[in-house]
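Peer 1: predicted model and sequence follow; I will ask about them next.
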Amino acid sequence: MRKIVKPADVALIFGISPRQASRILATLRKTLGKEKHHCVTVTEFVTHFGLPRNEMEDVIFYNDN
C-alpha cells in the first residue's frame with residue numbers, strides 16, 4: 001500500500017477536481033515546511049484534516065486497483 005497521498009486521492013475524499021486537490025496538497029506542503037518536490041504522507045494528511053486513517057487507506061487502496 002502507498003504511504004503518500006496523490007491529488008486523485010484528495011479529489012475522491014473531498015469531491016473536488018484534481019487541480020483543486022493539487023492546490024490543497026501544495027498548501028499542506030507549505031504548512032508543513034516541505035519543499036515542492038516532497039511528498040505528503042498519509043499520516044500527515046489525516047492528522048492535518050482530522051480524518052480517520054482507515055477511510056484514507058480505503059481510498060488509496062481503491063485508487064491503486
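Peer 2: Now that the structure is in, tell me what you want to look at.
Peer 1: now the helices: where do they sit in the chain?
Peer 2: 7-14, 18-32, 42-49, 53-64 (DSSP state H).
Peer 1: hey, which of those is tucked in deepest?
Peer 2: Highest mean neighbour count among those (mean count of other CB atoms under 10 Å): helix 7-14, with a mean of 18. The way it works is simple: take the backbone N, C-alpha and C, and place the C-beta from them, glycine included.
Peer 1: tell me what it is packed against?
Peer 2: helix 18-32, helix 53-64 (3 or more CB pairs under 8 Å, 6 or more residues apart in numbering; DSSP states H and E).
Peer 1: for M1, find the nearest of the helices of the chain.
Peer 2: helix 53-64 (6.4 Å; CB to CB).
Peer 1: quick one: mean pLDDT over the closest one.
Peer 2: Mean per-residue pLDDT for helix 53-64: 89.
Peer 1: now do the contacts for the closest residue to T31 other than its chain neighbours.
Peer 2: Once flanking residues are discounted, T31 sits nearest to H48: 7.2 Å by CB to CB, 6 or more residues apart in numbering. Counting by CB atoms under 8 Å, 6 or more residues apart in numbering, H48 touches L28, T31, L32.
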